[in-house]
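Trainee: pasting the sequence and the predicted coordinates here, then a few questions.
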Amino acid sequence: MAAAEFETPKIREYPIIPRLQEGVMAHSKPFVAKPDFQEKLGYPGELVDNWKEVAIEKMGELTGKYRSLQVFLDSCVKCGACTDKCHYYLGTTDPKNMPVARQDLFRKVYRRYYTLSGKLFPKLVGAEDLTEEVLDDWYSYFHQCSQCRRCSVYCPYGIDTAEISMAAREVMDAVGKGQKYCNEIIGKVHVIGNNLGLPEPALADTLEGLEEDVEEETGVQVRFPLDEKGAEVLLVTPSADFFAEPHIDGLIGYAKVFHQAGISWTLSSYASEAANFGMFIGSYENMQKLALRIRQAALDLGVKRIVFGECGHAWRVAYSFLNTLAGPFDFLDPDYPVPQHICEVTHSLIQQGKLTLDPSQNDDMVLTYHDSCNVARASRMGDRPGGQFEIPREVIRSVCNHYVDMPSYSIGEGTYCCGGGGGLLTDDLIELRVKGALPRMEALKNVVDDYGVTHMAAMCAICKSQFSKVFPYYDFQMDQVVSVHQLVGNAIVLQPEEENRSEADQSEEAQDQAEAA
Amino acid sequence: MSVITIVFAVLFYVATAILLVFTAHKIWQYAKTPAPLKIPTTPAPTTRSGVVFRMIKELTIFESLFKANKWTWLFGWMFHFGLLLVLLRHLRYFTDPVWGWVVFLQPFGKYAAFMMLAGLAGLWARRIFVDRVRYISAPSDHLMLLLLIAIGVTGALMTFVEHTDIVALKAFFLGLFVFNWSALPADPILIVHLSLVILLMIIFPFSKLLHAPGVFFSPTRNQVDNPRERRHVANWAARLESTKTG
């Protein structure tokens, strides 16, 4: 497939709901997974002969397994509340990117085969046979949904298109038409432990290099431990944190936080990936298999806590599903939630005054913050609803002097997806990614023009990669996106004598214990 | 006894049976289908009572729709609240003696018909004139509005223009309850009104009107946000557990 030529949408002063242009994104399709990768995940290698029967049967199986799917397929009244809420619709103007229209691609087949009205009067109720054209549409448009859940906020019945997209992708996998990007990655994690297929020696090497870099820069030996048994914290972070910019600066930030707080921590080479692409393809089994690697690593390393690094969909799986998929975690320290987000850790350390911070280190930047979709609408931080908005902002404000929010409709629960989530962060979908970023770019432009914002902080590996890639299309620089913990890392004041102090603390502690005994 | 009386008596029994049996079947289906993962749209309440409050807000003031689109919210709310008052007012034809609060609602219920019709007209206008909503509308979406408008208009006609024999009508309905039928007034407007209501009752469990029971079962709205505190394993997922290590 040759790279399609396309025009980058124009940034407008005020967001306007575009008029429909039918079929303009019908050509957008990701590469199909090769047989080898399909079979590794237990799916047919290529489209099976009786794919219609298999697909229809799979639909029935899924509506029996997921209440969400069954209720959502029945309940939509086509009120139109969601029609202008999807960033892909706003950026592409293709009507099939309106959430309800995307759902209807699936719903019309469900109606045809599973409802009385659809069996008797298909034309009347908008029911349709499953045909090759329909399957084609599915492949195209269910890979134009980043499962960001923005539509679900505005639906009067809470219908979440993400659930339908996941189901449709699961059906497509079941008939042998899976997506290359997701399925190849899931296969790698099953075998090697991370999305990049980075084996243990390479990982160890990378971390060693980081230790040297940080020591060179700060004069302090900040450790990046790997597979250290008996550490207090197992840090599970997206593998992009090991090599990509600005992700890696976030990783350095985590290390500095742990270092200064005196918390022993380790990464695991077995569970060296926070992201769980099993969710993107709607596969409970794959999602669980990936989640169980984290449980296994925690058991093997004998840690007391599990902490997740900056990642959006990963935090959804971690926060909302990990306990269910791979729990109970009764072998961990009950004083901490399982798992914890790195921002929760940093936030509470800041509140306890355990970090020495110099916000002026970030004075070269005027910052804003992009709420990651799945952190915002599919998870939480802290004890209170909405903590996922407050905690990262409080962390950023503690380490920066210049911060402003983007317009209110584009943050918090109404945040726009970066345009690359949900298994779409692949170059074969670049047109979609650029166009889907439009609403966020407009909101950003707004604060750049009005408040002189220079950088946008993000807290998700996908967001960071996506923005680095699409910023240049909108005349921003790729390094204008930064990690939240990059800012924290910049601001932490490390002092060489700190090591002595913590040693002193330890010996004091040992003395106390000896006395107590 | 007239043919019309017999036909309508039988139709009302059949329609009521279809409405109750098939709607109950759907409710049972929703209830028994597992929700294997916690998927509330967050920020979500962290307690059961918080969820009850969230649901009450959804059901009474259509909170999510309000966030989405003020026009759709306004028309939708006018229609639903109008319909509620109209339906409650109609209780007077099925109860003897009429309950005090139904008597009190009588004037409100009468004029609520206009609110309901205005809401429906607004919703239909959006469906016709807003390109996005027009695109997603199937013929049944238009016909459903037409049906409701026709029911509303015939009802309002009888209330405000061409009264029917309300005493005889009430006797007909009370007779249905005790299987002792009495004559149904054969006014054309009444016959149209009742025919359309019967049609609506039959369509209900096979159409998008299932959003009425469905909204109570929507996991994104009715789940408590507590996945770190509590596991949430569905039966079919528990069977996968046996393969788990550790």
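Mentor: That came through fine. These figures come from a predicted structure and were not determined experimentally. Numbers count the residues shown, from 1 in each chain, chains lettered A, B, ... in the order given.

Trainee: so A:M456, which of the three states?
Mentor: strand (DSSP: H, G, I helix; E, B strand; the rest coil).

Trainee: need the contact list for it.
Mentor: A:367-370, A:444, A:467, A:480-482 (C-beta atoms under 8 Å, 6 or more residues apart in numbering or on different chains). Yep, even glycine has a C-beta here, placed from its N, CA and C like the rest.

Trainee: repeat that with 7 Å
Mentor: A:368, A:370, A:444, A:467, A:480-481 (C-beta atoms under 7 Å, 6 or more residues apart in numbering or on different chains).

Trainee: give me the subset of these that lies in helices.
Mentor: A:444, A:467 (DSSP state H).

Trainee: let me have the contacts of A:M456 in TSV, extended by neighbour count, distance to A:D405 and pLDDT.
Mentor: Below are the contacts of A:M456 laid out as TSV (neighbours: other C-beta atoms under 10 Å in any protein chain shown; distance: C-beta to C-beta, whole Å; pLDDT from 0 to 100):
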residue	neighbour count	distance to A:D405	pLDDT
A:T368	23	6	98
A:H370	28	10	98
A:L444	26	11	98
A:F467	27	17	98
A:Q480	18	17	98
A:V481	26	16	98
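
Trainee: in the host helix or strand of B:L190, what counts as buried?
Mentor: Using DSSP states H and E, B:L190 sits within helix B:188-203. Neighbour-count burial for helix B:188-203 flags B:189-191, B:193-198, B:200-203 (criterion: 16 or more other C-beta atoms under 10 Å in any protein chain shown).

Trainee: and the nearest residue to B:V102 once chain neighbours are set aside, how many neighbours does it have?
Mentor: Excluding its sequence neighbours, the residue lying closest to B:V102 (C-beta to C-beta, 6 or more residues apart in numbering or on different chains) is B:L91, at 4.8 Å. B:L91 has 14 neighbours, counted by other C-beta atoms under 10 Å in any protein chain shown.

Trainee: then B:I39?
Mentor: 27.

Trainee: low-scoring stretches of the stretch 351-500 of chain A, by residue?
Mentor: Across the stretch 351-500 of chain A, the ranges flagged by pLDDT under 70 are A:497-500.

Trainee: do that again at 80, thanks
Mentor: A:496-500 (pLDDT under 80).

Trainee: adding distance to A:S272 and pLDDT, write the buried residues of helix B:188-203 out as JSON lines.
Mentor: Listed next are the buried residues of helix B:188-203 as JSON lines, based on distance: C-beta to C-beta, whole Å; pLDDT from 0 to 100:
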{"residue": "B:I189", "distance to A:S272": "74", "pLDDT": "97"}
{"residue": "B:L190", "distance to A:S272": "74", "pLDDT": "97"}
{"residue": "B:I191", "distance to A:S272": "73", "pLDDT": "97"}
{"residue": "B:H193", "distance to A:S272": "69", "pLDDT": "98"}
{"residue": "B:L194", "distance to A:S272": "69", "pLDDT": "98"}
{"residue": "B:S195", "distance to A:S272": "68", "pLDDT": "98"}
{"residue": "B:L196", "distance to A:S272": "64", "pLDDT": "98"}
{"residue": "B:V197", "distance to A:S272": "63", "pLDDT": "98"}
{"residue": "B:I198", "distance to A:S272": "64", "pLDDT": "98"}
{"residue": "B:L200", "distance to A:S272": "58", "pLDDT": "98"}
{"residue": "B:M201", "distance to A:S272": "59", "pLDDT": "98"}
{"residue": "B:I202", "distance to A:S272": "59", "pLDDT": "98"}
{"residue": "B:I203", "distance to A:S272": "55", "pLDDT": "97"}
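
Trainee: quick one: residues contacting the closest residue to chain B within the stretch 401-517 of chain A.
Mentor: Nearest to chain B, among the residues of the stretch 401-517 of chain A, is A:E413, at 6.4 Å (C-beta to the nearest C-beta). By C-beta under 7 Å, 6+ apart, the residues touching A:E413 are A:153, A:376-377, B:43.

Trainee: and the two most separated of the residues you listed?
Mentor: A:V153 and B:P43 (10.0 Å; C-beta to C-beta).

Trainee: which of the two has more neighbours?
Mentor: A:V153 (24 against 19).

Trainee: shouldn't the more buried one be in contact with A:A376?
Mentor: No: counting by C-beta atoms under 7 Å, A:V153 does not reach A:A376; the two are 9.2 Å apart.

Trainee: ok, back up a step: look up phi and psi at the residue of the stretch 401-517 of chain A closest to chain B.
Mentor: phi -70, psi -20 (degrees, to the nearest 10).

Trainee: what distance do you get for it to A:H455?
Mentor: Distance, A:E413 to A:H455, by C-beta to C-beta, to the nearest Å: 24 Å.

Trainee: how far away is A:F142 from chain B?
Mentor: Using C-beta to the nearest C-beta, to the nearest Å, A:F142 is found at 17 Å from chain B.

Trainee: what residues does that residue make contact with?
Mentor: A:165, A:168-169.

Trainee: go on, A:I16?
Mentor: No contacts exist for A:I16 under C-beta under 7 Å, 6+ apart.

Trainee: per-residue confidence at it?
Mentor: Per-residue pLDDT puts A:I16 at 88.

Trainee: repeat for A:G193
Mentor: A:G193 is given a pLDDT of 90.
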